[in-house]
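1. got a predicted structure here, sequence first:
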Amino acid sequence: MRKIFILFFLFSSTLAFSKDKIDYLSLGVGINDFLKRNKTMEGIVEYKFYPSFLKFHPMLGFMATVEKVTFTYGGVSLDLNLNKRVVFAPSFCAGYYTNGSGKDMGYPLEFRTGLEISLGLNDKSRVGILAYHTSNAKLGHRNPGTESLDLFYSFPIFRH
């Protein structure tokens with residue numbers, strides 16, 4: 001995932017930054033740890049704020065699985081328009097992880113790097129796919145990491 005971010009930032013000058021002055025609330029469902037044997041269902045709620053800082057939008061979020069895993073996080077997202085309707089948005093977040101009866105990630109501080117691609121609808125809402133990796137960056141006694149894949153719907157909350 002790190003290599004993808006490096007390549008993305010090297011070539012991002014060809015993309016247009018989103019000019020929307022809108023706060024978005026996203027709701028999503030998907031599969032946690034989808035690359036491993038112990039897959040489980042998850043739900044996410046995210047709030048992306050405008051105004052942006054150097055084109056990065058602050059964001060807050062919450063993820064929970066059916067195994068009572070929770071991850072509460074904050075970070076930044078960068079909305080880039082591939083064309084008039086398609087938005088590509090890498091993100092980076094840090095937050096507090098609890099494992100419930102799910103996967104022991106080895107440390108309560110976890111980091112999330114994600115990529116989303118969405119289609120903008122006429123009412124300024126978006127539907128898309130979010131893929132992200134969560135790990136503790138080797139801070140804990142274990143660092144198994146997880147990968148998640150979610151479908152989401154974002155709707156505008158506040159226009160500035």
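-> The structure has been received and is ready for your questions.
2. quick one: contacts for the closest residue to residue 114 other than its chain neighbours?
-> Leaving aside its chain neighbours, residue 114 sits nearest to residue 132 (3.2 Å; criterion: CB to CB, 6 or more residues apart in numbering). Bear in mind the C-beta positions are built from the backbone N, C-alpha and C, glycine included. Taking CB atoms under 8 Å, 6 or more residues apart in numbering, we find residue 132 in contact with 91, 112, 113, 114, 115, 147, 148.
3. helix, strand or coil for residue 132?
-> Recorded secondary structure, residue 132: strand (DSSP: H, G, I helix; E, B strand; the rest coil).
4. show me what it is bridged to.
-> Counting by DSSP bridges, residue 132 is bridged to residue 114, residue 148.
5. by mean pLDDT, point me to the weakest helix or strand of the protein.
-> In the chain, the helix or strand scored least confidently by mean pLDDT, DSSP states H and E is helix 2-11, which has a mean of 52.
6. follow-up on the earlier one: turn the contacts of residue 132 into a markdown table, including pLDDT, distance to residue 79 and neighbour count.
-> Putting the contacts of residue 132 into a markdown table (pLDDT from 0 to 100; distance: CB to CB, whole Å; neighbours: other CB atoms under 10 Å) gives the following:
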| residue | pLDDT | distance to residue 79 | neighbour count |
| --- | --- | --- | --- |
| 91 | 97 | 10 | 23 |
| 112 | 98 | 17 | 21 |
| 113 | 98 | 16 | 18 |
| 114 | 98 | 13 | 23 |
| 115 | 98 | 12 | 17 |
| 147 | 97 | 22 | 17 |
| 148 | 98 | 20 | 25 |
